[in-house]
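Novice: next come a sequence and a model predicted from it.
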Amino acid sequence: MASKHITASVTEQNETMQRYYVLQSKIYDLTRWTFLFGRRAVIRQLPLDPGKAHRILEVGCGTGYNLRLLARRFPKAHLTGLDVSTHMIEKATKATKPFAQRVQLEERPYALGDTQYLEQFDAVLFSYSLTMINPQWEELIRQAKADLKPGGIIAVADFFDSRFRWFKTHMGNNHVRMDGHLLPLLEQEFTTLSHSVKPAYGGVWDYFVHLGRKV
């Protein structure tokens, strides 16, 4: 019975995201630069040799913004992007067209227990996706650990917390959980290489960038 409940919860979450991004996919890149801070920083800080043919996974690749940056920074890397939204995958396909030979896009959820990519990736990136994946965020962090090679890197940029209840409520209405819940598990599951928590808009909320290594 428990597994059926979990499956139903994941299915409901995926359907919610499909509906949410029908409109959001059209305006995402025009609007998100105003508050999705740290995306370029987390890619810039990835401790990987640009001259090597790394395998990098992005979970919740959205419009392909980060995949495009990754393709430019790591010109020999093979990139995989996952997203549950049909509309986002369509956007990502267009955005990564110049790198199509090195970019694989998949319209599907990321889920604990999937054995397709076990210990295959040099890095797994979550960029403003984990705070929207509720209540499965813990499972996805653990799946990322399983999919990383020994010594592989988990890289996360996301919302951290806010001291304003009204803002948390507003973000919750947009499917975002903000209560500092991600960092403790990331620090538990990985050896921390670096992390920073910074204020946005004078402290209305904080965001963080975290890099950890699988040992």
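Specialist: Yep, it's here.

Novice: can you pull the buried residues of the longest strand along the chain?
Specialist: Ordering each strand of the chain by length in residues (DSSP state E) puts strand 148-161 first. Buried residues in strand 148-161, counted by 16 or more other Cβ atoms under 10 Å: Leu148, Gly152, Ile153, Ile154, Ala155, Val156, Ala157, Asp158, Phe159, Phe160, Asp161. For the C-beta atoms, the positions are set from N, CA and C on the backbone; glycine is no exception.

Novice: please, which helix or strand holds the spatially most central residue of the chain?
Specialist: For the chain, Phe126 is the residue whose C-alpha lies nearest the centre (Cα atoms, centre = their mean; 2.1 Å). Under DSSP states H and E, the secondary-structure element containing Phe126 is strand 121-127.

Novice: and Glu187, by the same measure?
Specialist: Using DSSP H and E, Glu187 falls in helix 182-189.

Novice: who's in contact with that helix?
Specialist: Where contact means Cβ atoms under 8 Å, 6 or more residues apart in numbering, the residues beyond helix 182-189 that reach it are 130-131, 137-138, 141-142, 145, 154, 156, 158, 160, 192, 195, 197, 208, 210, 212.

Novice: contacts for stretch 195-205?
Specialist: Counting by Cβ under 8 Å, 6+ apart, residues outside stretch 195-205 touching it are 35, 37-38, 159-164, 167, 171, 178, 183, 186-187, 206-211.

Novice: now with 10 Å, please.
Specialist: Counting by Cβ atoms under 10 Å, 6 or more residues apart in numbering, the neighbours of stretch 195-205 from elsewhere in the structure are 34-38, 41, 45, 156, 159-164, 166-168, 171, 176, 178, 180, 183, 186-187, 206-212.

Novice: point out where the protein drops to low pLDDT.
Specialist: Using pLDDT under 70 as the threshold, the predicted model of the chain has low-confidence ranges 1-33.

Novice: quick one, helices of it?
Specialist: Residue ranges of the helices in the chain, as given by DSSP state H, are 2-31, 39-44, 65-73, 86-95, 137-147, 165-173, 182-189.

Novice: packing partners of the second one?
Specialist: In other words, helix 39-44. With contacts taken as 3 or more Cβ pairs under 10 Å, 6 or more residues apart in numbering; DSSP states H and E, helix 39-44 sits against helix 65-73, strand 121-127, strand 148-161, strand 191-200, strand 205-213.

Novice: helices or strands next to the longest one in the packing?
Specialist: The contact analysis (3+ Cβ pairs under 10 Å, 6+ apart) places strand 148-161 against helix 39-44, strand 55-59, strand 121-127, helix 137-147, helix 165-173, helix 182-189, strand 191-200, strand 205-213.

Novice: got the CA positions of the shortest one in CSV?
Specialist: In other words, strand 55-59. Presented in CSV, the C-alpha positions along strand 55-59 are these (Å, rounded to 0.1, in the frame of the first residue of the first chain):
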residue,chain,number,x,y,z
ARG,A,55,29.3,12.9,-18.5
ILE,A,56,27.0,15.4,-16.7
LEU,A,57,23.4,15.1,-15.8
GLU,A,58,21.0,17.9,-15.1
VAL,A,59,17.8,17.0,-13.3
